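A.B. asks: here are the coordinates; sequence isn't available:
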């Protein structure tokens, strides 16, 4: 079974999930070996009822339980509507998946597009056909999927590692102190 996870967090992500809903329905139709795991409250279209035995709904859980649960997944998705608000969101969802060596398929928001090297450490998808193609590549080829997860871990995690950020903040403070 190939497990795709979406962490909605809150019901405010209903509109974001619509960005990939058609693609996920096509994936569920195409692949009998795929499950979609939806964590958090989310209103989904009626079309998903047909696949209710492969659409797993999970409620809120504490952070460590969430990481333990997501660790068992194969593909992370982070759909977002492309707008000014979402272009200012962080890369947290892909960073957390990268920590677990899980590749992500994401919408083309500015932060996601800057972080993902499309086809190497994740995928950026902007329309239904792209979502289907990217997910299909990961479902069809477990070696490629695992390799992409390792690439995400090796490339995304270090760029957001807290020690690196602390060093950057220290440099800023030092340059300011020396300038004064």
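C.D. replies: Thanks, I have the structure now. Fair warning: this is a prediction, and the values are worked out from it, not measured in the lab. Numbers count the residues shown, from 1 in each chain.
A.B. asks: ok, which stretches of the chain are helices?
C.D. replies: 14-30, 63-71, 92-99, 110-115, 128-140, 142-160, 162-179 (DSSP state H).
A.B. asks: low-confidence ranges in the protein?
C.D. replies: 10-12, 86, 180 (pLDDT under 70).
A.B. asks: The nearest residue to residue 25 once chain neighbours are set aside: neighbour count?
C.D. replies: Of all residues not flanking residue 25 in the chain, residue 47 sits nearest, at 5.0 Å (Cβ to Cβ, 6 or more residues apart in numbering). Heads up, the C-betas are built off the backbone N, CA and C, glycines and all. When neighbours are defined as other Cβ atoms under 10 Å, residue 47 has 13 of them.
A.B. asks: quick one, what contacts residue 26?
C.D. replies: Residue 26 makes contact with 128, 132, according to Cβ atoms under 8 Å, 6 or more residues apart in numbering.
A.B. asks: mind redoing it with 6 Å?
C.D. replies: residue 132 (Cβ atoms under 6 Å, 6 or more residues apart in numbering).
A.B. asks: Mean neighbour count, the helices of the chain: which tops it?
C.D. replies: Among the helices of the chain, the stretch with the highest mean neighbour count (mean count of other Cβ atoms under 10 Å) is helix 92-99, at a mean of 21.
A.B. asks: could you check the angle helix 63-71 makes with it?
C.D. replies: Helix 92-99 runs at 70 degrees relative to helix 63-71, counting by axes from the mean of the first three to the mean of the last three Cα atoms, to 10 degrees.
A.B. asks: Give me the contacts around helix 92-99.
C.D. replies: Residues contacting helix 92-99 (Cβ under 6 Å, 6+ apart): 76, 78, 104, 152, 153, 156, 157, 160.
A.B. asks: Please report how far the third one lies from residue 169.
C.D. replies: Between residue 104 and residue 169 the distance is 27 Å, computed by Cβ to Cβ, to the nearest Å.
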